[in-house]
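Undergrad: With the input below, show me the fold.
(2 chains)
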Amino acid sequence: MPTDKSRNAMPQGSLDMLILQTLQMGPQHGYGIARHLHAASNAFFQVEEGSLYPALHRLEQRGLITAEWGPSEANRKAKFYTLTTAGKKSLKAQATAWQEMQQAIAGIMNFQPAGT
Amino acid sequence: MSWIDVWNRVVHRATPHSTAASGDDVRKELMFHFRELVHEKLAEGLSFDEAWERSEHQFGPLHRYENECHAVRMEQRLTWRMSGVLAVLVILACCGWSLVENREVRLSDDLRLLREDLVAVRSAQTQIVAQTNRIAGDRDLTGVVRDSDRQPLPDVKVLVILKTWPDGEYHQEAFTATTGSDGQFTLPALVPVGRRYAIQVAALKDGFAFRSVYHRKLERPFEMLEPIALRLEPASHVTLVVRDEQGVPVPNAHVIPSARTALDGEEHLIYFQAADPVQYTTDAEGRVRMNCFLAGDQARVCLQLPGDDWNSREFEVSSDNQVVELASSEVTMK
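TA: Residues are numbered from 1 along each chain as shown, chains lettered A, B, ... in the order given. The predicted model follows:
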């Protein structure tokens, strides 16, 4: 578990990918997405949950997700987001780029100079 | 029809998302999330204030994120409009001399539309700022009703009048709740935050003298309302007999308790607007038994004879099991 919570900001630009990844499991409202990110990261990331919404609206405007109002689990009116085909493609591309970057960073961090 | 009009039609048909959601939609969406957070904290056993505070911390500033959502949508609209302008310019350039004669006129139209968009963006931003003070989220009205032995009273009708002044205009709404087995009641998202308001709460249960409280929060910082607590005393039984001008008992007349001034001078009111759930009807002998006043009360009821307007009647409750004759009156209730 993290000890220094002030350091647990989400990596720049990763929020869109994490939202898309969450929506790959099925339609979800903002609150549900926030709960999933919290649970799946073992409460690692300390982000204001309101920051999800500008990101969700940007993704919707880009056609990567669609939105529709419907009843929540508690039968309250909630806005549910669904991944589009374009969103799936974008997620795949982002996930690939993310893995490549991870490997590149790992390569640098694990680099052993010759002769050591 | 100008090229920009054609372009706009194409764009709006091709991109369903270009139609910006209303401001209400954005707010409702954020409020849904915030409300779920508060409920989550309450379920963890936190007090309401603690739950609210932690939810605010966890969610972040509502007004900021609402503004950002609006900005995303306005930005997108502007982008599409500018794309439309660019497309028109390209088409104009490709269409040769046949269009050149009117080119300047069309260009000025496009520029005018662009300018209108920019003005609209600025206006929207101004409105968003103006709305910021109103979006902090209305809070639940909560309270408890007990009897004179401090025992919780279930099935009490709680009649609420909310007075607000949106945009400087007086607005009055009525709400109703019923207490649970623990005597508690809740009306969700009713108490305004950051705005002036007044709330009148009346509690009424058959067999108990009704009571009301009135709270006004008219000056900044519009303090939050503490949970309402009301204690009801056992009522004295009063039988009203309604008669017409000839003294004949009137069946099916409607009677609503309206006010009572107790011996200590305290006045308790039931607003007519909120009184629907506490309406009585006279029987075949023009009688109606009301168990909501107390001996010593100056009582007022609203009375409606069949086919007639509502009128008010006043009487003194002098003892238990009193019978009060309500004769016809010309006084029309306002």
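Undergrad: all helices of the chain, in order?
TA: In the absence of a named chain, this looks at chain A. For chain A, the helices defined by DSSP state H occupy A:14-23, A:30-40, A:52-61, A:85-109.
Undergrad: nope, chain B please
TA: Per DSSP H, chain B carries helices over the ranges B:3-14, B:23-43, B:48-59, B:62-94, B:97-100, B:103-132.
Undergrad: rewinding a little: any idea which of the helices of chain A gets closest to residue B:46?
TA: The minimum distance between residue B:46 and the helices of chain A falls on helix A:30-40, with 17.3 Å, by CB to CB. For every residue, glycine as well, the C-beta is placed using N, CA and C.
Undergrad: May I have the residues that are in contact with residue B:305?
TA: Listed by CB atoms under 8 Å, 6 or more residues apart in numbering or on different chains, the contact partners of residue B:305 are B:242, B:244, B:250, B:253, B:311, B:328.
Undergrad: Among the residues you listed, which one has the most neighbours?
TA: Counting neighbours by other CB atoms under 10 Å in any protein chain shown, the top entry in the contacts of residue B:305 is residue B:242, with 27 neighbours.
Undergrad: quick one: contacts for that residue?
TA: B:249-250, B:253, B:255, B:282, B:286-288, B:303, B:305, B:326.
Undergrad: ok, how many other residues are close to the residue of chain A found nearest chain B?
TA: Across chain A, no residue is closer to chain B than residue A:48, which sits at 2.9 Å (CB to the nearest CB). As a burial measure, residue A:48 scores 15 neighbours (other CB under 10 Å).
Undergrad: Then residue B:158?
TA: Close neighbours of residue B:158, defined as other CB under 10 Å, add up to 24.
Undergrad: same question, the one 5 residues further on
TA: If you count neighbours by other CB under 10 Å, residue B:163 ends up with 17.
Undergrad: so what's it up against?
TA: B:170-172, B:197-200.
Undergrad: and with 7 Å instead?
TA: Contacts for residue B:163 were tallied using CB atoms under 7 Å, 6 or more residues apart in numbering or on different chains; they are B:172, B:197-198.
Undergrad: Grab the nearest non-local neighbour of the residue nearest to the spatial centre of chain B.
TA: Chain B has residue B:173 as the residue nearest its centroid, 5.5 Å off, counting by CA atoms, centre = their mean. Nearest residue to residue B:173 in three dimensions, chain neighbours excluded: residue B:162, at 4.9 Å (CB to CB, 6 or more residues apart in numbering or on different chains).
Undergrad: Could you tell me how many residues sit around the one you found?
TA: Per other CB under 10 Å, the neighbour tally for residue B:162 reads 21.
Undergrad: hang on, isn't residue B:52 packed against residue B:37?
TA: No - Residue B:52 is not in contact with residue B:37 according to CB atoms under 7 Å; the separation is 9.3 Å.
Undergrad: measure the closest residue to chain A within the stretch 201-334 of chain B to residue B:194 for me?
TA: In the stretch 201-334 of chain B, no residue comes nearer to chain A than residue B:224, which is 21.4 Å away by CB to the nearest CB. Remark: distance between residue B:224 and residue B:194 (CB to CB, to the nearest Å) = 10 Å.
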